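A.B. asks: got a sequence here, can you build the structure:
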Amino acid sequence: MSPTIWLKGGLRSISRSIIFLAILISIPLVIEMAGLDAGLAFSLSLWLYYFFLCTVLLLTRSRLWWIGTMASSLQLFVIPTLLIYHLNEFEPEKEVSAFTAMAIRPWRFILTRATPLFTLLEGFASLLIVQAIGQVTRFVTNYRSDSWMFLVLIGSGATLSTSLYFLYRITTFPVISFLNSTMLGTTITASLFIATYATLSGKGTIAESCALFAYTVYSAYSGMTDFGQTDISPQLATRPEYLPFPPLVMENYATLVKSAAKYVPVTLYQTYTFLLAAFYAITPSVLVQFVYRVTSLYAVSRIIPAVRDQGRGVSDTPDLDDEEPTANLMSILTLYWPCSLIAVYTHLLLQHFADVRGAATPFWGGLESAGLWRWINTVFFLGWYAIELQATQQDILTSHWKVD
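C.D. replies: Residues are numbered from 1 along each chain as shown. Predicted structure coming up:
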């Protein structure tokens, strides 16, 4: 590849990362500064903008490609403009327009009732990823060098150790309801039984079993906590704090920082303070669940074409020029990826703020309860994996890979 292509690819990746980070920060920031309705209106405007942008890219993919490129280049200007507009629109002393209030009503209705859809899609994606991990690790350990086996064992051990640590964290929670404790014991026991059977029977690998157990623990942990610190015991709370370095080093460090701060422009310092406050607006639970859902759905968009066509690798991107309907559908879904990200992220934020502020939303009661569907998803995940374990006799994903 020429340096020009590398430069263009690097600039494109940096631009996408900045846009992704801007969306990640701006939505919770608007909710914190202007309220939940402002955040919903802002996310809805972002969703409509990216739906329009993706449609333009889809219609101008061949001949009028320059129109799509021009529209894509405006993203860095559209997001701050929408952010400023909604912060001004939802000021405390201003009355929200009737059109805006009417527009966010169906958006709120869809998001608050999308819990079953998003949760079950996450479970389905995790199921495919666990099966893909098993087939890939079986292939590399059977047909590649022994160093791959050591890497698989190290990765499996790290995954299992991390899962056991978070399982221990669950036992330290101050309050665990009877339903949660019952479902926790049932799902953990079932996952251990299925993982042991898969490994001993040879139908699954160690890495696959560890991934199965890890997702079970993740589902339980994410449904029972906000990923924060557990309550500190009185002994630890009264224990004196020790400096990380000797006092002389800490004093010189403080003097150096104070001297360097005089030469930092005020605008740069204010930007740093703003970004720091924006990052604090993102809660760990929302960030972890969002990153996991995005990663799992993206991985599934690569796994499904590989399973559909054994002659295609996992890393191949679906193309609209492919004649098969499945490839066309996957390429369109990949193109409209930003719309899915905004919807999933706003749903998680709405779920979090409904829990924190005690809002009367369907998230924590009735058929739309997030905790209820988290356990239903775990049972679905384990049950379907057990069925697939008995039915599958062939490594579909890796059967076409070249063997030396």
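A.B. asks: residues in contact with the most centrally placed residue in the chain?
C.D. replies: Nearest residue to the geometric centre of the chain (CA atoms, centre = their mean): V291, 2.1 Å. Applying CB atoms under 8 Å, 6 or more residues apart in numbering to V291 gives no contacts. Where C-beta positions appear, they are placed from N, C-alpha and C, glycine not excepted.
A.B. asks: distance check, it against L46.
C.D. replies: Here the criterion is CB to CB, to the nearest Å. By it, V291 lies 19 Å from L46.
A.B. asks: element containing the residue nearest to the centre of the chain?
C.D. replies: In the assignment (DSSP states H and E), V291 maps to helix 284-308.
A.B. asks: buried residues in that helix?
C.D. replies: If you call a residue buried by 16 or more other CB atoms under 10 Å, then helix 284-308 has these buried ones: 285-287, 289-290, 292-294, 296-297, 299-307.
A.B. asks: ok, stretch 48-58 next?
C.D. replies: For stretch 48-58, a neighbour-count test (16+ other CB under 10 Å) marks Y49, Y50, L53, C54, V56, L57 as buried.
A.B. asks: if we look at it, which residues are touching it?
C.D. replies: Against stretch 48-58 from outside (CB under 8 Å, 6+ apart): 67-68, 71-72, 75, 78, 82, 332, 335-336, 338-339, 342.
A.B. asks: name the single longest helix found in this protein.
C.D. replies: Longest helix in the chain, counting residues (DSSP state H): helix 3-34.
A.B. asks: which strands or helices does that helix pack on?
C.D. replies: On a contact count with 3 or more CB pairs under 8 Å, 6 or more residues apart in numbering; DSSP states H and E, helix 3-34 meets helix 36-59, helix 75-89, helix 266-281, helix 284-308, helix 337-357.
A.B. asks: flag the shaky bits of the stretch 51-200 of the chain, pLDDT-wise.
C.D. replies: 62-66, 68, 145 (pLDDT under 70).
A.B. asks: before we move on, what about the stretch 301-404 of the chain?
C.D. replies: Low-confidence segments of the stretch 301-404 of the chain, defined by pLDDT under 70: 305-330, 354-368, 392-404.
A.B. asks: go with 80
C.D. replies: Under the criterion pLDDT under 80, the flagged ranges of the stretch 301-404 of the chain are 301-335, 352-371, 390-404.
A.B. asks: next, G204: phi, psi?
C.D. replies: Here is the backbone geometry of G204 (degrees, to the nearest 10): phi -140, psi 170.
A.B. asks: can you tell me how far it sits from F213?
C.D. replies: Going from G204 to F213 by CB to CB gives 11 Å.
A.B. asks: more neighbours: which of the two?
C.D. replies: The residue with more neighbours, out of G204 and F213, is G204; 27 against 22, by other CB atoms under 10 Å.
A.B. asks: what about the more buried one, distance to L389?
C.D. replies: Using CB to CB, which is the criterion applied here, G204 is 7 Å from L389.
A.B. asks: same question, I5
C.D. replies: 44 Å.
A.B. asks: neighbour-wise, which of the two wins?
C.D. replies: Set side by side, I5 and L389 show more neighbours around L389, with 18 against 9, by other CB under 10 Å.
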